[in-house]
Structures are given as C-alpha cells and as structure tokens.
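A.B. asks: Just need the structure, nothing else, for what follows:
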Amino acid sequence: MEQFDNIDDYIADLKGKLQGNPGCGNTHYNLGVAFLAKREFMEAEREFLEAVANSPKMAEAYVQLGGIALQRGDLDGCLNYNNEATKQRPFFAVPWGNIGFVMLQKGDVDHAIKALKRSLKYDPKFVQALSTLSSAYMIQGDFEEAEVTLAKVLDIQPHFGPAWNNRAIIHASREEWSKASECLKKAEESGFDVPEELRSEVEANC
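C.D. replies: Numbering: from 1, shown residues only. Model prediction:
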C-alpha cells in the first residue's frame, strides 16, 4: 500500500482491477482488508464473501468473516467461519485459536483447550492463543498451568496487557497483593483496561 497516498486511493485502484478481472479472489480479499482498515464492516464482509465465492479455499477470508461476525456478537457465525477455514487449511493456527476463544465464550472449556492446544501445535508463539489458554486454565482453577502459559506469553510479548491482568488475578487469589498491584500497573501501561472490581480489590488489600 506504500505507493498510495491514502487508503481511498488504494481502494479505488483495487476496484479498478476488479473491473478488468471481477473473479480475482485475492483482489476481493485485499479490498476487504482495506475496508476493514476503515471500519467499514458491511463493505468488508461483502468483499470477503466474494473472495471465497471465487476462491473457495481462501482460509484467510473465512477467518476475516469470522472476525466480522464476532464484532457484531455472532459467536455461532464466527465459529462456523473459522471451522470452514480449518477445513481449507487444517494446519493454519489462527482459526483454531479463534475456535478456542469462541468455545471459551460459550462456556465449553474442554473444547476450548483442545482447539487452543491444536493452534499452538501449529504456531507455538501465537500469543493470542496462549493468552486465551491461560484464561481457560484459570476457569478450571488450574493456576499453575495458567502461570506457565502466561510466562510464555510475556516472554514473547512483554507488554501484552491481558497476560499481566491474568497474572494479577492469580496473585490476588493467593493474597499476594503487592505482586498483584505490580501486575495491574504493567497491564495498564500496556493500554489494557483493568476491570474496576479487580482494581478495587487489589487496592483495598495493599
């Protein structure tokens, strides 16, 4: 996109290419990504649907469609699109991570952990999947496994706010209030919105 002054010029160029070759799945996909950058979700969704209509094996487009579904609160739609992505590219880590996230939101922790582990088998440094896995372990009450997983997250990405927040929860559960407070500070420094209830609990006990 460097050769364009702005994203609107890029979009105009892609639309021009589609006039000459309307069945190019890659161009529809790139146009969808450009619309996403402008947060024009309906236009992006239309282009990603065109992408998979013309290139049915384009797993990335299914993942993007899943993200749009999630953005509007459609967990089942997100799940279905990511499942389709895994059928097209079984060893693609991202849709497995997304499936794990959705299953956790739906309360199916065992299924979530299974999908997240599969995602990490294909990409051991997939931070989002590692972080979600730590949350799943915490829901199960397995704080030791959660802590091991969080250490991996922060080793890869030291300023990953959700991981510091989860680590604070673990310290709070052990009544290690000063450590919990330090973790919350790091979470906030990373731009993460710490839940007010957790912040209040930690501050009251420091």
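A.B. asks: count of residues packed around residue 46?
C.D. replies: By the criterion of other C-beta atoms under 10 Å, residue 46 has 15 neighbours. From N, CA and C alone the C-beta is placed, and that goes for glycine too.
A.B. asks: Mind pulling up the pLDDT for the closest residue in space to it that isn't next to it in sequence?
C.D. replies: Closest residue to residue 46 apart from its sequence neighbours, by C-beta to C-beta, 6 or more residues apart in numbering: residue 32 at 7.9 Å. At residue 32, the predicted lDDT confidence score is 97.
A.B. asks: Let me see the contact set for residue 32.
C.D. replies: Counting by C-beta atoms under 8 Å, 6 or more residues apart in numbering, residue 32 touches 43, 44, 45, 46, 47, 48, 51, 61, 64.
A.B. asks: Just the buried ones from those residues?
C.D. replies: 44, 45, 47, 48, 51, 61, 64 (16 or more other C-beta atoms under 10 Å).
A.B. asks: among those residues, which are in strands?
C.D. replies: If you go by DSSP state E, these have nothing in strands.
A.B. asks: how far out from the middle of the chain is stretch 16-23?
C.D. replies: Offset of stretch 16-23 from its chain centre (C-alpha atoms, centre = their mean, to the nearest Å): 31 Å.
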